[in-house]
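**Q** Below is the sequence, then the predicted model.
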Amino acid sequence: ALLGIDQRRLAELSGLSVPTIQRMEASESIIRGNVDSLMKLIGALDLAGVELIAEGASSQIGGRGVRLKADFDPAKILGGIDTDAKLPVTSVA
């Protein structure tokens with residue numbers, strides 16, 4: 001909802017299947033998925049301008065969540081992202 005993209009587009013951006021995205025979204029509190037799939041999803045969201053907020057990290061309302069990065073460019077989503085590009089490796093706590 002934050003980016004206004006659907007599961008199909010998120011699957012394209014991350015290189016994952018739509019059923020994998022659906023399983024992750026249907027997870028309660030802890031996202032189900034293997035580390036590789038989670039890293040692909042995190043990388044696609046990062047490239048799209050989404051910042052993941054860890055539990056206890058600084059945010060206006062506290063707690064974990066997501067927000068758009070300060071340098072967010074909607075053209076990345078509307079114009080498409082090169083899904084063949086290497087995604088950045090992000091550590092998961």
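**A** Good, I have the coordinates. Bear in mind the structure is a predicted one, so any value in this text is a computation, not a measurement.
**Q** number of nearby residues for residue 16?
**A** By other CB atoms under 10 Å, 21 other residues sit near residue 16. No exception for glycine: its C-beta is placed from N, CA and C like everyone else's.
**Q** what's the average pLDDT for the longest helix along the chain?
**A** As assigned by DSSP state H, the longest helix anywhere in the chain is helix 35-47. On average, the pLDDT along helix 35-47 is 88.
**Q** So which elements touch the helix or strand containing residue 19?
**A** Assigning secondary structure by DSSP states H and E places residue 19 in helix 18-26. In terms of contacts (3 or more CB pairs under 8 Å, 6 or more residues apart in numbering; DSSP states H and E), helix 18-26 is packed against helix 7-14, helix 35-47.
**Q** can I get the CA coordinates of that helix in CSV?
**A** Output of helix 18-26 as CSV, limited to C-alpha atoms (Å, rounded to 0.1, in the frame of the first residue of the first chain):
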residue,chain,number,x,y,z
VAL,A,18,3.4,-14.3,-6.8
PRO,A,19,2.6,-17.3,-4.5
THR,A,20,5.8,-16.6,-2.5
ILE,A,21,4.8,-12.9,-2.1
GLN,A,22,1.2,-14.1,-1.1
ARG,A,23,2.6,-16.5,1.5
MET,A,24,4.8,-13.8,3.0
GLU,A,25,1.9,-11.4,3.2
ALA,A,26,-0.3,-14.0,4.8
